[in-house]
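**Student:** Got a sequence here, can you build the structure:
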Amino acid sequence: MTFRQAWEAALYGPDGFYRRERPAQHFRTSVHASALFGQALAGLARAVGATRVVDIGAGSGELGKVLRSEGLDVLEVELDDDLPARLTGLVVANEWLDNLPCELAELDDEGTPRYLLADLSLGEVVEGNDLGWLSAWWPLREPGDRAEIGLARDLAWAEVVRRLDGGVALAIDYGHLRTGRPPYGTLTGFRNGRECEPVLDGSCDITAHVALDSLAAAVPGGTVVMQREALLALGVTATRPDHELSRTDPLRYLTELSSAGEAAELLDPSGLGGFGWVWTGTGDSVVRRASRALSA
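**Tutor:** Next up is the predicted model:
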């Protein structure tokens, strides 16, 4: 059994993690950090003329609550739901792709990439489309170097975009670019809010970063922008309120100070601000409006 097959069973099998657990209990995303994140996405939806947001991998629906409070219609698609045949409006996949299992490859002592097996030994030689992806997007250099082959994520995202009929599709995830791939991969686990070993027994979430540039290249007009820049362009600011406000309107001062702290977390380039946004649109006017909205 390859690591990908075991990963799939550990998350989505009959006794898998997502069959038994609420993800929000085990890790914190931008949605949990602040309502400002959802409000910014609502602003993007309005900027491109969308009245509906499709939330792929909706989890406990935290994002949907914020979007509905902003007057938007929300369609929530769970991890095990089939995608609608047609997608319109703003389609958001927030930390969805990092939980799509993919094959892992490691360079053996002879310099040949081989699939990683569930017991962490090396299996068959990587060939075909997987090898093509590896060569193009994540070439391994030294024996022991490891990569997560992003082809499965690229195909899944391309399928989302294929269904897009008037609107913008946006994948938000922590990831990396070809110029800075980590030599030993990014596979990790999360349990009870803490990072842990990615064991394959269904007891923890298992995740790996997304190859953002490969994902963008997999769809027409795919564009990468960092979350920090995107949120700044959408009006999120960590500017602290003037201290004078604490004397004239203490309640407002505390509210704005709290908002600035939440914004700072969302914008932190070493944290949530370092997430990547990969977006694509259909329709010239929609693409132009999205480009303006996401450009600081």
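**Student:** And the strands in the stretch 101-250 of the chain?
**Tutor:** Using DSSP state E, counting those that start in this stretch, the strands of the stretch 101-250 of the chain run over 104-107, 113-116, 122-125, 146-148, 164-173, 175-176, 188-191, 194-196, 205-207, 210-211, 223-226.
**Student:** Make TSV out of the ones you listed and add mean neighbour count.
**Tutor:** (C-beta placed from N, C-alpha, C; glycine too.) Compiled in TSV, the strands of the stretch 101-250 of the chain are given as follows (neighbours: other Cβ atoms under 10 Å):
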stretch	mean neighbour count
strand 104-107	24
strand 113-116	21
strand 122-125	13
strand 146-148	25
strand 164-173	23
strand 175-176	22
strand 188-191	18
strand 194-196	13
strand 205-207	24
strand 210-211	30
strand 223-226	17
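**Student:** Which one of the ones you listed lies nearest to residue 241?
**Tutor:** Ranking the strands of the stretch 101-250 of the chain by distance to residue 241, with Cβ to Cβ as the measure, places strand 223-226 first at 26.0 Å.
**Student:** Can you show me the CA trace of that closest one as PDB?
**Tutor:** Below are the C-alpha coordinates for strand 223-226, written out as PDB (Å, rounded to 0.1, in the frame of the first residue of the first chain):
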ATOM      1  CA  THR A 223      -2.800  33.400 -10.700                       C
ATOM      2  CA  VAL A 224      -1.000  33.200  -7.400                       C
ATOM      3  CA  VAL A 225      -1.100  35.900  -4.800                       C
ATOM      4  CA  MET A 226      -0.100  35.700  -1.100                       C
END
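**Student:** so what does it touch, helix or strand wise?
**Tutor:** Here strand 223-226 touches helix 212-217, strand 276-282, going by 3 or more Cβ pairs under 8 Å, 6 or more residues apart in numbering; DSSP states H and E.
**Student:** what's in contact with the longest one?
**Tutor:** Here strand 276-282 makes contact (Cβ atoms under 8 Å, 6 or more residues apart in numbering) with 48, 157, 161, 164-175, 210, 212, 215-216, 219-227, 230, 287, 290, 294.
**Student:** going on from that strand, what's the next piece of helix or strand?
**Tutor:** Tracing the chain C-terminally past strand 276-282 and defining elements by DSSP states H and E, one meets helix 284-293 next.
**Student:** so is residue 5 in a helix, a strand, or just coil?
**Tutor:** Residue 5 falls in the helix class when you classify it by DSSP: H, G, I helix; E, B strand; the rest coil.
**Student:** Helices along this protein, start to end?
**Tutor:** Remark: helices assigned in the chain by DSSP state H are 3-12, 17-20, 30-33, 35-47, 62-69, 128-137, 151-162, 212-217, 227-233, 245-248, 250-267, 284-293.
**Student:** could I get the ones you listed as CSV with mean pLDDT?
**Tutor:** Listed next are the helices of the chain as CSV, based on pLDDT from 0 to 100:
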stretch, mean pLDDT
helix 3-12, 96
helix 17-20, 84
helix 30-33, 84
helix 35-47, 95
helix 62-69, 94
helix 128-137, 98
helix 151-162, 97
helix 212-217, 98
helix 227-233, 96
helix 245-248, 84
helix 250-267, 86
helix 284-293, 94
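**Student:** can you list those helices in a markdown table and add distance to residue 112 and mean neighbour count?
**Tutor:** Conversion of those to a markdown table gives the following (distance: least, Cβ to Cβ, whole Å; neighbours: other Cβ atoms under 10 Å):
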| stretch | distance to residue 112 | mean neighbour count |
| --- | --- | --- |
| helix 3-12 | 17 | 20 |
| helix 17-20 | 33 | 16 |
| helix 30-33 | 39 | 19 |
| helix 35-47 | 43 | 22 |
| helix 62-69 | 43 | 19 |
| helix 128-137 | 10 | 15 |
| helix 151-162 | 19 | 19 |
| helix 212-217 | 22 | 22 |
| helix 227-233 | 37 | 22 |
| helix 245-248 | 64 | 12 |
| helix 250-267 | 43 | 16 |
| helix 284-293 | 42 | 16 |
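**Student:** closest one to residue 190 among the ones you listed?
**Tutor:** helix 17-20 (9.6 Å).
**Student:** Show me what the closest one is packed up against.
**Tutor:** Packed against helix 17-20, as judged by 3+ Cβ pairs under 8 Å, 6+ apart, are the following elements: helix 3-12.
**Student:** Specify the beta-bridge partners of the nearest residue to residue 138 once chain neighbours are set aside.
**Tutor:** For residue 138, the nearest residue in space outside its immediate sequence neighbours is residue 147; the separation is 4.2 Å by Cβ to Cβ, 6 or more residues apart in numbering. Beta bridges link residue 147 to residue 105, judged by DSSP bridges.
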